[in-house]
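Visitor: coordinates only, no sequence provided:
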């Protein structure tokens, strides 16, 4: 069910939500978090779809806040839309389109619609504020999700994560790495228990995830990491491969073709591993699983990135 | 900068701060005996696929089937494929399937056939090099308990039960029923533990409740809300129910002589009772948890007059929910004079200060109203001073209901004023469902079991001592019923059991809750 509320206010939207619940019982009370999706007008549907999908795992209230920056001359107006039932997965979605000066106080648009006592997660699927934690929406949220790969120059976006980091921040460039990291960690769970002497990581030049993977390995293993980037057209997107050099030989995890990686280790047959690029929905669902700050991510983007940067520069 | 040391205990890529990384099982294989059975097709094989799909299985994983069929690897692979397509919980992915299929093997033979076990050993040795399973093997005995001695002996004789080195492991998974009384339980245990050490034996039965166990522990001990009223001062009685809406179906032969009490009360219901009634453990270590459960099970006593404290029955034939069903005694292959109960109810007391005077009523049965497992803590009524009886005649007792399945969650029932000018108080409920509130779907019991087996997580659940204590509670009732003989009271299918069960509660001035 989709209900349009043109030219409205937050308080009218809130009242309408109560009416819908009383009339149809369509809106359950058991929601456990509010997800705020903040993006620009016109680019919302992909994000809403991902949120609807993720809500099958995790029923929530989704508030989509659409603004049009840099256009103060437009007639100030707030249009809202409420989606429940089949149009909203297991969540309820409130889309707010803020035009003109209405958008100048984002916090006031959101506050009246937050679920009482429940955690708030903010997600910027496109461009994100310079310092997410101190932005009007970021201040309300416990978790703030950005996506470095959505920026114009992703690798620079990674560098800025370092300066703006506050506990509770996270980035999809990091979420996309989880399966890679899990496979690498699993290799080191097994014998032979030899130290890793050096590491090579390669990936597309515009892949922020590759940088984070290299940083994480360097931080945890305390060894030099050789980072090789390829321009597009020369291989697939994202991460291409990782090589951990040990005395008994190298452990190589590579993804030469899409979705399938190969793992080779000395004295072991080569294995195929299903390692598809993760969808927005997957990434979002993983982020919503833990509502506390991701300390490891914090380490990686603060200390890790700085050290890595110095090292890369000193090696020319 | 010097490289970080890596040992079996210290993996620098894992950290307590890094909660995203799941543990992936190490290289290993799972060998299923009785692979043609229903359980294997509907539960085990799909669970293996789901684990693979979630990225929790090692790249070097193999699945080996052992059965009498004259199959090649290829035939078995097709069977697995079909069962995965039909029963897996996660979406089918061709890439995952291809990776899994590379490690699927089949060995054909009888349990008594030495040659077949030699063949199995050879298959596993080949997998160790070809697939890199590294000499780690788990045997899943999805077979009748009477075949345990033969299969475990074969595994021992052919050298399959023993790991090649300290770094390798062999483990075994067994299914219920684990014995039919204290004596046979001890015998079976002796057989299995003569071949596999206690911590290498995993009993699936207890896994059906692993998530539940942890949920109950969290509800009781992580909150301040419940524990202060969780005692005889406030609780009137406790009802623990496990109902199925199906009959014995094709398992008639197996079920005859076992019955509802041995089938589920001895294990599931007494486990639920222990978790509901036990004191707070000093830690979540398996040993500390067991200590508390063993204490409370040892404190369980039976009422003196078992005739008044137990009830049993058998389902009759008739129409149940739109389908005509066969009565228990008329099931295919059933002895028409069978005195095996398909419904059992009993009243137990717990001799501790906390539960003094609070009876625990347990009931389990087949062909009942619907499929449900729940624990209901029913409270005493509030003193009747303020409200007149006419104002509260629609008010029942307050209750906390822990719904184990389906729709796992907690319901709290309490009274609320009916809106309007008069003052009438009526029951209302507050509902919490795990499925509504959480991101992560609870892992399926078999997935969790297989993963724990491959990871070597020590089984949290009953070791043999607890199994023995449960039999000590049940044995006198079984003996009493055996002496009493048949025929048993028949109950209509799709109802909540025989009238004798209602009378059991009526004698105490109580009624069963409709679950």
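Guide: Structure's in. What do you need? Keep in mind the model is a prediction, meaning the values are calculated, not measured.
Visitor: give me the contacts around the longest helix seen in chain B.
Guide: Using DSSP state H to assign secondary structure, the helix with the most residues in chain B is helix B:464-484. Surrounding helix B:464-484, the residues in contact under the criterion Cβ atoms under 8 Å, 6 or more residues apart in numbering or on different chains are B:178-179, B:181-182, B:185-186, B:189, B:193, B:198, B:261-262, B:265-267, B:270, B:274, B:290, B:293-294, B:297-298, B:300, B:302, B:306-307, B:310, B:312, B:339, B:341, B:346, B:348, B:462. All C-beta spots, glycine's among them, are computed from the backbone N, C-alpha and C.
Visitor: nearest to chain A: which residue in chain B?
Guide: Nearest residue of chain B to chain A: residue B:59, at 3.3 Å (Cβ to the nearest Cβ).
Visitor: that residue contacts residue A:270, doesn't it?
Guide: No. Residue B:59 lies out of contact with residue A:270 (Cβ atoms under 8 Å); the separation is 9.0 Å.
Visitor: how many residues are close by the residue nearest to the residue of chain B closest to chain A when sequence neighbours are not counted?
Guide: Leaving aside its sequence neighbours, residue B:59 sits nearest to residue A:271 (Cβ to Cβ, 6 or more residues apart in numbering or on different chains; 3.3 Å). Using other Cβ atoms under 10 Å in any protein chain shown, residue A:271 has 22 other residues around it.
Visitor: residue A:271 contacts residue A:262, correct?
Guide: Yes. If you go by Cβ under 8 Å, residue A:271 and residue A:262 touch, sitting 6.8 Å apart.
Visitor: run a quick neighbour tally on residue B:271.
Guide: Counted with other Cβ under 10 Å, residues neighbouring residue B:271 total 24.
Visitor: then residue B:385?
Guide: Neighbours of residue B:385 (other Cβ under 10 Å): 6.
Visitor: likewise residue B:87?
Guide: Using other Cβ under 10 Å as the criterion, the residues surrounding residue B:87 number 16.
Visitor: surely it touches residue B:44?
Guide: No. In this structure, residue B:87 is not within contact of residue B:44 by Cβ under 8 Å, at 9.8 Å.
Visitor: now name the helix or strand holding residue A:261.
Guide: In this assignment (DSSP states H and E), residue A:261 forms part of strand A:260-264.
Visitor: what's that strand in contact with?
Guide: Contact with strand A:260-264 is made by A:183, A:187, A:251-256, A:270-275, B:59, B:95, as judged by Cβ under 8 Å, 6+ apart.
Visitor: parallel or antiparallel, which strands does the helix or strand following that strand pair with?
Guide: Counting by DSSP H and E, the next helix or strand C-terminal to strand A:260-264 is strand A:271-274. Strands that pair with strand A:271-274, judged by DSSP bridges, come out as strand A:260-264 (antiparallel).
Visitor: list the buried ones in the partner strand?
Guide: A:260, A:261, A:262, A:263 (16 or more other Cβ atoms under 10 Å in any protein chain shown).
Visitor: again, but for stretch B:492-507
Guide: B:492, B:493, B:494, B:495, B:496, B:497, B:498, B:500, B:501, B:504, B:505.
Visitor: I'd say the first one and residue B:318 touch.
Guide: Spelled out, it's residue B:492. Yes. At 5.9 Å, residue B:492 and residue B:318 qualify as touching, with contact defined as Cβ under 8 Å.
Visitor: who has more neighbours out of residue B:59 and residue A:270?
Guide: residue B:59 (27 against 11).
Visitor: confirm the more buried one sits in a strand?
Guide: No. Counting by DSSP: H, G, I helix; E, B strand; the rest coil, residue B:59 is not part of a strand but coil.
Visitor: could you chop chain A up by domain?
Guide: When chain A is parsed with the TED database, its domains come out as A:1-145, A:173-272.
Visitor: pLDDT-wise, what's the bottom of the buried residues of strand A:260-264?
Guide: Minimum pLDDT for these is recorded at residue A:260 (87).
Visitor: quick check: beta-bridge partners of it?
Guide: Note on residue A:260: beta-bridge partners by DSSP bridges are residue A:257, residue A:274.
Visitor: please tell me how far it sits from residue A:272.
Guide: Look at residue A:260 and residue A:272: by Cβ to Cβ, to the nearest Å, they are 6 Å apart.
Visitor: what touches both of those two?
Guide: Joint contacts of residue A:260 and residue A:272 (Cβ under 8 Å, 6+ apart) are residue B:95.
Visitor: so where's the stretch 101-250 of chain A uncertain?
Guide: Residue ranges of the stretch 101-250 of chain A with pLDDT under 70: A:232-236.
Visitor: for it, which segments count as helices?
Guide: Along the stretch 101-250 of chain A, the segments classed as helices by DSSP state H, counting those that start in this stretch run A:106-111, A:136-140, A:154-164, A:172-175, A:178-189, A:208-221.
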